[in-house]
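Q: Just need the structure, nothing else, for what follows:
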Amino acid sequence: MNTKTVYNYNPDTGEYLGPETAHESPMEPGVYLMPAHSTETAPPEAGEHQAAVYRNGAWLLTDDHRGETWYDTATQERHEIKALDEAISNTWTQIEPTDHEAVWNGAAWEVPFAVLKERKRREIWGAGDAILDEVKRSYTQAEIESWSKQEQGAKDLAAGETTTEAAQFVAGIATLRGIPVDTLRDKILANVTAYGQLCTAVIGTQQRLDDLIKAAQTAEDLEAIVWPETLG
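A: Prediction:
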């Protein structure tokens, strides 16, 4: 029995599915039993990122990027190619962005230097603020809210002024805690001094490092700017 090779295609997309052997009809010599959705014409050889499809009675080559992932260089939008004929925009790249603020420089994703500077500023100021916040966590909310009044009361008591509202406030706290007024006074003044010194050191360091950030010219310059461990 005579046979010939025919070429199958997907009835919906026309995509080439592969060859198949068609057999000559035993009832009609010279007539071959063609499978549905096949043709005797061989498809063209598809190149990279191409697929052969049979449409309107002829083979043609179309884009085939199925399984690929691309990213819009303007928006970072992700595109997963799942179908034939999906063309690739000339504004897309297969290089995945690893930073949501990166921009495409024509060859790679790059975080703008201005963004790096702002991030470093937030890092430095945040480090200093975190130190001061940690100190505050050792006090109750009531102590924090009455801090200025306690400070003034302790200063009044140290100056021998015992009748002011602030001085009476501190004296009342000492009585409730069962400790001498002078002991509480000295503790408050010592805390005020220590916190003031810490604030001075923290703010001074923040400002000094901020000046270095403003003067930085490269990403390496910024990486070299770190919060000192002695204030950590």
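Q: Lowest-scoring secondary structure element of the chain by mean pLDDT?
A: helix 141-145 (a mean of 91; mean pLDDT, DSSP states H and E).
Q: So what touches the helix or strand just after that helix?
A: Toward the C-terminus, helix 141-145 is succeeded by helix 147-158 as the next helix or strand (DSSP states H and E). Identification of contacts with helix 147-158 by CB atoms under 8 Å, 6 or more residues apart in numbering yields 139, 143, 162, 164, 166-171, 173, 181-182, 184-186, 188-189, 192. Any C-beta I mention is one placed from the backbone N, CA and C, and that applies to glycine too.
Q: list the buried ones in stretch 63-73?
A: Neighbour-count burial for stretch 63-73, with 16 or more other CB atoms under 10 Å as criterion, is recorded at 64-65, 70-71, 73.
Q: and these as TSV, adding secondary structure?
A: Shown next, in TSV, are the buried residues of stretch 63-73 (DSSP: H, G, I helix; E, B strand; the rest coil):
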residue	secondary structure
64	coil
65	coil
70	strand
71	strand
73	coil
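Q: Could you export the residues you listed as JSON lines, including distance to residue 215 and pLDDT?
A: Putting these into JSON lines (distance: CB to CB, whole Å; pLDDT from 0 to 100) gives the following:
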{"residue": "64", "distance to residue 215": "53", "pLDDT": "96"}
{"residue": "65", "distance to residue 215": "47", "pLDDT": "96"}
{"residue": "70", "distance to residue 215": "39", "pLDDT": "98"}
{"residue": "71", "distance to residue 215": "34", "pLDDT": "98"}
{"residue": "73", "distance to residue 215": "32", "pLDDT": "98"}
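Q: ranges for the strands of this structure?
A: 3-9, 16-23, 38-39, 50-55, 58-63, 69-72, 78-80, 92-93, 103-104, 109-110 (DSSP state E).
Q: any chance of the buried residues of stretch 63-73 in JSON lines, with distance to residue 120 too?
A: Converted to JSON lines, those look like this (distance: CB to CB, whole Å):
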{"residue": "64", "distance to residue 120": "45"}
{"residue": "65", "distance to residue 120": "39"}
{"residue": "70", "distance to residue 120": "32"}
{"residue": "71", "distance to residue 120": "26"}
{"residue": "73", "distance to residue 120": "26"}
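Q: and which of these is nearest residue 79?
A: residue 70 (4.6 Å; CB to CB).
Q: Tell me the spatial nearest neighbour of the closest one, not counting adjacent residues.
A: Closest residue in space to residue 70, ignoring its immediate chain neighbours: residue 92 at 4.1 Å, by CB to CB, 6 or more residues apart in numbering.
Q: ok, now how distant is the one you found from residue 69?
A: Applying CB to CB, to the nearest Å, the value for residue 92 to residue 69 is 10 Å.
Q: Which neighbours do the two have in common?
A: By the contact definition CB under 8 Å, 6+ apart, residue 92 and residue 69 are jointly contacted by residue 79.
Q: quick one: the lengthiest helix in the chain to helix 147-158, angle?
A: Determined from DSSP state H, the single longest helix within the chain is helix 181-215. Helix 181-215 runs at 130 degrees relative to helix 147-158, counting by axes from the mean of the first three to the mean of the last three CA atoms, to 10 degrees.
Q: follow-up on the earlier one: may I see the strands of the chain arranged in CSV, with distance to residue 123 as well?
A: Below are the strands of the chain laid out as CSV (distance: least, CB to CB, whole Å):
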stretch, distance to residue 123
strand 3-9, 59
strand 16-23, 56
strand 38-39, 65
strand 50-55, 49
strand 58-63, 45
strand 69-72, 27
strand 78-80, 29
strand 92-93, 29
strand 103-104, 21
strand 109-110, 19
